[in-house]
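Trainee: Quick one, structure for this:
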Amino acid sequence: MVEAIGRLYEKLWRQAGGRPWTEIVRDDQKQSPLIFMLIFLGFGILLGKLASRYWWQILIGFLPSVLCGHFWW
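Mentor: Modelled structure (predicted):
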């Protein structure tokens, strides 16, 4: 099952640019980091406004993904 999903993913990214989408996004982020920082700041502010009272639970929920993103990007 995992192998079939991997083949499907590879088939999609080969047609969409020849490289995995993570590499495409990483290259774009390196070219214009300020834009990405502003986008994620906006998402963070929006999430904070929507969550208002339970902001700390969302922060704890996102902490593992932030750590993984920094260690393995």
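Trainee: any chance you could map the strands in this protein?
Mentor: Shown for the chain, no strands are assigned by DSSP state E.
Trainee: Where does pLDDT dip in the chain?
Mentor: The model of the chain has pLDDT under 70 over residues 72-73.
Trainee: mind redoing it with 80?
Mentor: 1-2, 9, 12-18, 20-22, 44-45, 47-63, 65-73 (pLDDT under 80).
Trainee: what are the ranges of the helices in it?
Mentor: Remark: helices assigned in the chain by DSSP state H are 2-15, 21-31, 33-51, 55-72.
Trainee: outside of the first one, which residues touch it?
Mentor: Translated: helix 2-15. The contact list for helix 2-15, computed with C-beta atoms under 8 Å, 6 or more residues apart in numbering, reads Arg19, Pro20, Trp21. Backbone N, C-alpha and C define where each C-beta goes, glycine included.
Trainee: mind putting the residues you listed in JSON lines, neighbour count included?
Mentor: Output for those, formatted as JSON lines (neighbours: other C-beta atoms under 10 Å):
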{"residue": "Arg19", "neighbour count": "12"}
{"residue": "Pro20", "neighbour count": "15"}
{"residue": "Trp21", "neighbour count": "12"}
